[in-house]
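J.: Requesting a structural model of the entry that follows:
(one chain, ligands or ions: 1)
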Amino acid sequence: MKFYKHYLLTFSCLFFLVSCGSKFKSQPNKEITHDMLSGPQLNAQEYDDETGAASVRLPPKGTLPQGFEKNMMGMDLALADRTQSPLKNLPSEEHIQYAELGEEYYNISCKICHGETGAGDGKVASFMVRKPPSLLSLQARTYSPGRLYQIISVGKGLMGNYHGVIVNKQNPKQNQKLRWAVVEYVRQLQQNSQR
Ligand code: HEC
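T.: Numbering: from 1, shown residues only. Below you'll find the model as predicted:
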């Protein structure tokens, strides 16, 4: 009885596998769910008047992506150094708001590695093979604000980018300024600490 069961199982497996392929290659496979294999075939940019089916189309010229910010700076170091913070020209009240946001977002996104004061002694630092460097070092102090912004936006070496982390989901237009606010907070930490 036991052997019989085995034979039955093997036979049914074989049957399934054999029935998958088509003996006559010139014929299409059997269609189990309708329309999966023989749906309307359209080339790119085509439109079928009869069925109303449309294929992938390019957006009209001048279309602006929504909720997506083009990163012009990329890894260009010279461009980073030249780029000025948009927070500079804000009225002082708004500037103070961003200063608070900078601290808030630093504590959410950076403190865990770089530490509360920026000394590189965050909670997870001791578990990391490549320790997060101190942001109070001579080197980090020489970075221009634009360079710090670039590091946050595109990452550096083993550090990933925080482009998609330092965000205000309700108002994505603010995202860029939030990263500049974190830059200012890092500067503030550097100024606060005595070397
Ligand atoms: C998961 C841990 C981690 C987090 C979170 C993190 N970093 Fe880093 N950071 C690193 C590591 C590791 C490096 C060194 C990368 C390398 O050189 O390979 C680094 C490098 C840097 C540097 C360059 C320092 C130097 O001397 O060259 C800056 C500036 C920096 N981080 C800022 C930030 C800021 C601002 C945030 C928050 C938005 C942040 N980091 C979040 C791990 C982290």
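J.: what's the pLDDT at the residue in the chain that the ligand sits nearest to?
T.: Ranking the residues of the chain by distance to the ligand (CB to the nearest ligand atom) places residue 157 first, at 2.2 Å. All C-beta spots, glycine's among them, are computed from the backbone N, C-alpha and C. On pLDDT, residue 157 comes in at 92.
J.: and it, what does it touch?
T.: Residues near residue 157 by CB atoms under 8 Å, 6 or more residues apart in numbering: residue 130.
J.: and if you look at residue 183?
T.: Shown here is residue 183, whose contacts under the criterion CB under 8 Å, 6+ apart are 85, 102, 145, 148, 149, 152.
J.: in which helix or strand would I find it?
T.: Taking DSSP states H and E as the criterion, residue 183 maps to helix 175-192.
J.: returning to that earlier point: check the gap between the residue of the chain closest to the ligand and residue 105 for me.
T.: Here the criterion is CB to CB, to the nearest Å. By it, residue 157 lies 21 Å from residue 105.
J.: Helices of this protein, start to end?
T.: Counting by DSSP state H, one finds helices in the chain at the ranges 2-20, 77-82, 92-109, 111-114, 138-142, 145-154, 175-192.
J.: would you list the ones you listed in JSON lines and tack on mean pLDDT?
T.: What follows is the helices of the chain, written out as JSON lines (pLDDT from 0 to 100):
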{"stretch": "helix 2-20", "mean pLDDT": "69"}
{"stretch": "helix 77-82", "mean pLDDT": "94"}
{"stretch": "helix 92-109", "mean pLDDT": "97"}
{"stretch": "helix 111-114", "mean pLDDT": "98"}
{"stretch": "helix 138-142", "mean pLDDT": "96"}
{"stretch": "helix 145-154", "mean pLDDT": "96"}
{"stretch": "helix 175-192", "mean pLDDT": "96"}
